[in-house]
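# got a predicted structure plus its sequence, pasted below:
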Amino acid sequence: MSELKCLLWDVDGTLADTERDGHRVAFNMAFNEAGHKREWDVPTYGELLAVTGGKERIRFDIDRGGMHEMPAEEIAGLHARKTIHYQTLIAEGRIPLRSGVRRILEEAYAAGITLGVATTTTPSALDALIEHSLGHEWFDRFAVLAAGDIVPAKKPAPDIYTYALEKLGMSAANTVALEDSENGWKAADAAGIKCVVTVNDYTRAHDFTGADLVVSEFGEAHRDAIEVLDNPHALGDLHHVKLAHLRQLLAG
Ligand code: XBP
Ligand code: MG
């Protein structure tokens with residue numbers, strides 16, 4: 001039995017549905033601008049999401065014959081342009097937070113729970129989402145923003161979670177992770193952190209066997225009840241996910 005002291009948040013797909021209408025669109029803008037005859041449509045991008053990290057995703061598409069060969073510096077340049085396009089899309093306010101995210105964040109912050117981010121996304125892309133979707137004050141409210149190439153191995157490796165815990169001086173036993181994908185859940189699990197999964201259209205069919213709670217969204221009291229896909233700890237009253245449920249996961 002442990003006390004909940006820390007929440008570690010994934011970003012893409014968890015805080016907001018950034019992949020389909022944010023990252024994917026920005027990749028295509030960068031490809032088009034650079035004269036690459038390549039467009040990642042919605043299903044293709046779903047396949048490519050098996051690989052975390054934008055540069056790694058381009059490399060993967062090259063290796064499977066989707067794009068022509070290019071050196072690492074060119075991939076990095078293409079990805080840098082993609083990140084700029086992504087920041088612009090986010091600044092236009094196109095990507096709202098998912099339901100229940102702000103409520104849980106605010107309740108946890110008010111309760112003195114340490115908040116952190118553990119993501120494979122690029123730091124400047126994360127900054128744009130915080131600034132435009134969450135609000136500037138959240139730069140101070142997150143005690144750590146662990147992102148991108150700060151660790152060599154991206155999710156499903158546990159490294160980004162281990163890094164965040166070390167930075168915070170926090171134990172995995174007092175922490176819950178919030179994730180949306182199989183790679184994300186595996187990363188949290190490999191770091192020994194209990195994990196709540198909130199699925200989206202890209203991740204609903206992923207294998208979350210062993211996750212601590214799997215839901216369609218965190219939800220809100222005034223909206224329809226969320227869909228509970230897996231509830232192995234038998235948490236009660238899951239109309240929407242509350243901070244109390246996250247505490248219960250560690251208490252049980
Ligand atoms: C998701 C990712 C990222 C984004 C693209 O990160 O794998 O690569 O798709 O971002 P998470 P970059 O779910 O861990 O937040 O192009 O900046 O890598
Ligand atoms: Mg994610």
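All right, it came through fine. Please read these numbers as outputs of a predicted model, since none were measured by experiment. Ligands and ions are numbered 1, 2, ... in the order given.

# tally of neighbours for the closest residue to ligand 1 within the stretch 1-150 of the chain?
Residue nearest to ligand 1 within the stretch 1-150 of the chain (C-beta to the nearest ligand atom): residue 54, separated by 2.2 Å. In this view, the C-beta of every residue, glycine as well, is placed from N, C-alpha and C. Counted with other C-beta atoms under 10 Å, residues neighbouring residue 54 total 25.

# tally of neighbours for residue 151?
Count around residue 151 with other C-beta under 10 Å applied: 19.

# and for it, nearest residue in space, chain neighbours not counted?
residue 159 (3.9 Å; C-beta to C-beta, 6 or more residues apart in numbering).

# what segments of the stretch 51-200 of the chain are helices?
54-63, 72-91, 101-110, 123-129, 138-141, 159-168, 182-190 (DSSP state H, counting those that start in this stretch).

# so which of those helices is the most surrounded?
helix 182-190 (a mean of 23; mean count of other C-beta atoms under 10 Å).

# mind giving me a markdown table with the helices of the stretch 51-200 of the chain and columns for mean pLDDT?
Shown next, in a markdown table, are these (pLDDT from 0 to 100):
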| stretch | mean pLDDT |
| --- | --- |
| helix 54-63 | 98 |
| helix 72-91 | 97 |
| helix 101-110 | 98 |
| helix 123-129 | 97 |
| helix 138-141 | 98 |
| helix 159-168 | 98 |
| helix 182-190 | 98 |
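
# among the ones you listed, which is nearest residue 6?
Nearest of those to residue 6, taken as C-beta to C-beta: helix 159-168 at 6.4 Å.

# before we move on, back to that, between the helices of the stretch 51-200 of the chain, which one is nearest to residue 23?
When the helices of the stretch 51-200 of the chain are compared for distance to residue 23 using C-beta to C-beta, the nearest one is helix 72-91, at 6.0 Å.

# packing partners for that closest one?
Secondary-structure packing of helix 72-91 (3 or more C-beta pairs under 8 Å, 6 or more residues apart in numbering; DSSP states H and E): helix 24-33, helix 54-63, helix 123-129.

# and the second one, what does it pack onto?
Judged by 3+ C-beta pairs under 8 Å, 6+ apart, the packing partners of helix 54-63 are helix 24-33, helix 42-48, helix 72-91.

# so can I have JSON lines of the ones you listed showing distance to ligand 2?
Putting the helices and strands packed on helix 54-63 into JSON lines (distance: least, C-beta to the ion, whole Å) gives the following:
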{"stretch": "helix 24-33", "distance to ligand 2": "14"}
{"stretch": "helix 42-48", "distance to ligand 2": "13"}
{"stretch": "helix 72-91", "distance to ligand 2": "15"}
